[in-house]
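Enquirer: I'll drop the sequence and a predicted model, then ask my questions.
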Amino acid sequence: MNLNLTGRRALVTGSNAGLGEATVKLLAAEGASVVVHGRDEDRTEKVVREIREAGGIATAVLGDLSDDTAAADVARAATADGPLDILVNNAGFYRHLSWAEATPDEWRDTYNVNVVSGVRMIQHLVPAMRERGWGRVITIGGGLASQPMNTHPQYNATLAARHNLAVSLARDLKGTGVTSNVVSPGAILVEATKELVTQIGPARGWGDTWEEIRPNAVDALIPNDQERFGEPGEIAGAVAYLCSDYAQYVSGATIRVDGGLIRSAF
């Protein structure tokens, strides 16, 4: 399937590792000129090099999106070679904290990074998409938005906010040719996930090796119809589809890529 992304320009925030890295590499492979964003220069430049070595077009931009001035600088740098057609708001973070451990300051910091940072980029970059009559905004959300856990409540809440703002934006973009959608991952096997599960697995009786721990962790933490963790490329595929002309009639939608982890029909 030709996604017709040649000539499009895309910024994927937080794309020097994990889901963002997989996404920015797939968009580049589909012909888009991509802007790789991160805060770590070495990791960000490494992703750019790998994209170029594979025949893609990529540039790097560094900056902390949780700061107003730095976020504005990122937007200016990302559009230095021309306006953006695609914005993927992927950057975010969380810490594994209980309700007792998640202080009000932690809630504020998490909300700023996970929600307001995306708002900053939308406000900087989407007006130009409106003017040109074409654009794609994809927000990376998560199943915890609708099916929260008892732990890291500050993170669960920010995912719900990300889903909500993306749909509100879609309503605001009515008739402009710009769409706004959510890709909602389940538990994806990025390095941080593997490290956490490997760390807690032995104490929970899941086994001592990764081969033993992996299926037991799935059963205990993320029971789903595919009986496995997801892969970063599977999230990237959903994002790429939403960036394409095939998804012009999709706006304000949430595409769950979670193996059936979320049980609701809607």
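Expert: Arrived safely.
Enquirer: give me phi/psi at residue 34?
Expert: Residue 34 has phi and psi values of phi -120, psi 150 when expressed as degrees, to the nearest 10.
Enquirer: can you check the one 3 residues further on too?
Expert: Comment: the main-chain dihedrals of residue 37 come out as phi -110, psi 140, following degrees, to the nearest 10.
Enquirer: For stretch 207-226, which residues meet the burial criterion?
Expert: Of the residues in stretch 207-226, those scored as buried under the neighbour-count criterion (16 or more other CB atoms under 10 Å) are 207, 213-214, 217-218, 221-222, 224. (Glycine included, C-beta is placed from N, CA and C.)
Enquirer: Reformat those into TSV and put pLDDT and secondary structure next to each item.
Expert: Converted to TSV, the buried residues of stretch 207-226 look like this (pLDDT from 0 to 100; DSSP: H, G, I helix; E, B strand; the rest coil):
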residue	pLDDT	secondary structure
207	97	coil
213	97	helix
214	97	helix
217	97	helix
218	97	helix
221	93	helix
222	94	coil
224	97	coil
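Enquirer: so where do the helices sit in the protein?
Expert: Taking DSSP state H as the criterion, the chain carries its helices at 18-29, 41-53, 68-78, 104-111, 117-132, 153-172, 191-200, 210-221, 232-243.
Enquirer: Could I get the pLDDT score of the nearest residue to residue 137 once chain neighbours are set aside?
Expert: Excluding the flanking residues, the one nearest residue 137 by CB to CB, 6 or more residues apart in numbering is residue 180, at 4.4 Å. According to the predicted model, the pLDDT of residue 180 comes to 99.
Enquirer: Residue 180 and residue 211, how far apart?
Expert: As for residue 180, its distance to residue 211 is 41 Å (criterion: CB to CB, to the nearest Å).
Enquirer: go on, residue 49?
Expert: Distance of residue 49 to residue 211, given as CB to CB: 33 Å.
Enquirer: wait, what's in contact with residue 112?
Expert: Residues near residue 112 by CB atoms under 8 Å, 6 or more residues apart in numbering: residue 66.
Enquirer: quick one: low-confidence ranges for the stretch 151-266 of the chain?
Expert: Low-confidence segments of the stretch 151-266 of the chain, defined by pLDDT under 70, are absent; every residue clears the threshold.
Enquirer: go with 90
Expert: Within the stretch 151-266 of the chain, the ranges that satisfy pLDDT under 90 run 192, 264-266.
Enquirer: ok, the residue nearest to residue 106 when sequence neighbours are not counted - contacts?
Expert: What sits nearest to residue 106 in space, not counting adjacent residues and going by CB to CB, 6+ apart, is residue 154, at 5.5 Å. For residue 154, the set of contacting residues under the criterion of CB under 8 Å, 6+ apart consists of 94, 97, 102, 106-107, 110-111.
Enquirer: now residue 154: how far from residue 92?
Expert: Where residue 92 is concerned, residue 154 sits at a distance of 12 Å (CB to CB).
Enquirer: ok, now residue 192?
Expert: Using CB to CB, residue 192 is found at 12 Å from residue 92.
Enquirer: Residue 116 too?
Expert: Taken as CB to CB, the span from residue 116 to residue 92 is 11 Å.
Enquirer: When these two are compared, which one has more neighbours?
Expert: When neighbours are counted by other CB atoms under 10 Å, residue 92 comes out ahead of the other of residue 116 and residue 92, with 24 against 17.
Enquirer: For the more buried one, which non-adjacent residue is closest in space?
Expert: The spatially closest residue to residue 92, leaving aside those adjacent along the chain, is residue 114, at 4.3 Å (CB to CB, 6+ apart).
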